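1. my questions are about this predicted structure, shown below with the sequence.
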Amino acid sequence: MQMNTSETVSQLNSLLRGELSAVETYQQALSSLSASETSSKIRTMCADHESAVSQLRQQVHEHGGEPAEGSGAWGIWAKLVTGTAAAISEGTVLKALKEGEEHGVKEYEETKQTVNVSPFALGFLEARLTKQRENIQALNGLMAQ
């Protein structure tokens, strides 16, 4: 099923809000992690999500829309979960980040199947799916240490 331009912009903005939430969540997680290999890897993942924010904003513009400014309800929930996890343990923080990445995979898969985007945007969606999956594997590795 292909969406019209308005629905495409809406779905891209949904992804943008998710990426904004990821940036906020990773930043919050970094504030609770000690300086270590873990924090270095988390910082890299945060930078990756910051790049995705920039690219999604561009995609929304290219599809004739206005990019979302904030992370919305998902961001509030994610920060609450990460903040609560930070009070418990590093492992719990990593698990919360992994759950966010898994949610992102679902969002990107759904968008890839339903939106009518340019070939460049489709390539971006596929690249983000790959990156989200790599982040999940990296978080699994960190949790196993």
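-> Yep, that arrived. Numbers count the residues shown, from 1 in each chain.
2. neighbours around the residue lying closest to residue 62 once chain neighbours are set aside, how many?
-> Spatially, and ignoring its direct neighbours in sequence, residue 62 is nearest to residue 118 (7.0 Å; Cβ to Cβ, 6 or more residues apart in numbering). (Each C-beta comes from the backbone N, C-alpha and C, glycine too.) For residue 118, the neighbour count with other Cβ atoms under 10 Å is 12.
3. over to residue 121?
-> Neighbour count for residue 121, taken as other Cβ under 10 Å: 22.
4. got a pLDDT number for it?
-> The predicted local distance difference test score for residue 121 is 82.
5. pretty sure it contacts residue 61?
-> No. Contact criterion Cβ atoms under 8 Å: residue 121 and residue 61 do not qualify, at 11.4 Å.
6. hang on, the earlier thing: pretty sure the residue nearest to residue 62 sits against residue 58.
-> No. Judged on Cβ under 8 Å, residue 118 makes no contact with residue 58 at a distance of 11.1 Å.
7. list the residues that contact both of these two?
-> Counting by Cβ atoms under 8 Å, 6 or more residues apart in numbering, no residue touches both residue 118 and residue 58.
8. helix/strand/coil for residue 68?
-> Using DSSP: H, G, I helix; E, B strand; the rest coil, the secondary structure recorded for residue 68 is coil.
9. nearest spatial neighbour of it, skipping sequence neighbours?
-> Nearest to residue 68 is residue 13, by Cβ to Cβ, 6+ apart, at 4.3 Å.
10. what of residue 55?
-> Nearest residue to residue 55, sequence neighbours excluded (Cβ to Cβ, 6+ apart): residue 124, at 5.9 Å.
11. hang on, the earlier thing: list phi and psi for the residue nearest to residue 62.
-> Phi and psi for residue 118, reported as degrees, to the nearest 10, are phi -70, psi 160.
12. could I get the pLDDT score of it?
-> pLDDT, residue 118: 75.
13. what of residue 83?
-> Looking at residue 83, its pLDDT is 57.
14. do the same with the one 10 residues further on
-> Looking at residue 93, its pLDDT stands at 83.
15. was I right to think it contacts residue 33?
-> Yes. If you go by Cβ under 8 Å, residue 93 and residue 33 touch, sitting 6.8 Å apart.
16. of those two, who's got more company?
-> A count of neighbours by other Cβ under 10 Å puts residue 93 above the other of residue 93 and residue 33, at 28 against 17.
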